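Colleague: Would you be able to build a 3D model of this:
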Amino acid sequence: MNNISWNNQKFFDKGVVIEKIPTITKAKKRFKTYTIPGRNGVLNIDQDTYDTIACTLECHFKDLDTTIPTLNTWLDGYGKLSLDGVRYYEGIISNNIPYEQIQNFKKFQVNFTLNPIQKKINATEVELNVSEATQTISVDGTYKTYPVIEVDGTGQLIIRVNETTFTITSNGNYPYILDCEAKEILQNNVNASSSMSGDFPFLNPGDNEIYISGTGTFTSITITYHESYL
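Modeller: Sure, this is the predicted structure:
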């Protein structure tokens, strides 16, 4: 329980004791349901997305005088919740912290509404060999993950990740940073969407085939990702 943290700050280090670790169940998958005249039952269309999940931590303070003032700035808003020190959920704190109850009983609850996909805290970084046209990245986890891809080179640079292809027309001044989850591409911290065509790829659990081509010259390609778990 000492590894439970919010925004990389452990509850225990803040003087907060977790009395019970919550049980997290797999999120409910979303379906679009249609009723069709003349057809029995309903038609369910898989949306390939999942609902949020709820999590409640039951807590108490070891020392009221030194810990209550930190609540306003620490247990607030949007962030990352880790229950084991290895993986984290992104989400929000969805309740008000009851200060009067804390003063009287030293006990309180924190309710979280979490995105359903866990991510490994430590990222994996892979440096591709730009002299090889075809390479394979093996990814652990149970759910697809959206990497950050840094591409440096000049001219037309084409990269295909599994079935998704994107092309960068590079002026060779700075490396391009593709944030595939945010679906944005930056060059020297400036939006560079006009330099890219195609779509932002994702990595599946298991083997992922990477192909590089184009009429330009690659200098380096780095793929960074967090393993994802459903």
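Colleague: From here on, just use CA atoms for contacts and neighbour counts.
Modeller: Will do.
Colleague: domain assignment for this structure?
Modeller: Split into domains by automatic domain parsing, the chain comes to 5-118, 123-229.
Colleague: among the ones you listed, which is the most enclosed?
Modeller: Compared across the domains of the chain, domain 123-229 shows the largest average neighbour count, a mean of 17 (mean count of other Cα atoms under 10 Å).
Colleague: Lowest average pLDDT across the domains of the chain?
Modeller: Here the lowest mean pLDDT among the domains of the chain goes to domain 5-118, at a mean of 84.
Colleague: quick one: terminal-to-terminal distance for stretch 157-168?
Modeller: For stretch 157-168, the separation between the terminal residues is 5 Å (Cα to Cα, to the nearest Å).
Colleague: Need the contact partners of that stretch.
Modeller: Identification of contacts with stretch 157-168 by Cα atoms under 8 Å, 6 or more residues apart in numbering yields 155-156, 169-170, 195-203, 208-218.
Colleague: For this structure, list the residue farthest from the centre, please.
Modeller: Gly38 (42.9 Å; Cα atoms, centre = their mean).
Colleague: how about Gly141, phi and psi?
Modeller: Dihedral pair for Gly141: phi 110, psi -180, per degrees, to the nearest 10.
Colleague: Next: the one 3 residues further on.
Modeller: With angles defined as degrees, to the nearest 10, Lys144 shows backbone torsions of phi -60, psi 150.
Colleague: is it true that it touches Pro201?
Modeller: No - counting by Cα atoms under 8 Å, Lys144 does not reach Pro201; the two are 10.2 Å apart.
Colleague: which residues touch Val126?
Modeller: 222-224.
Colleague: Is the residue lying closest to Thr215 once chain neighbours are set aside within a helix or a strand, and which one?
Modeller: Once flanking residues are discounted, Thr215 sits nearest to Gln156: 5.3 Å by Cα to Cα, 6 or more residues apart in numbering. Using DSSP states H and E, Gln156 sits in strand 148-161.
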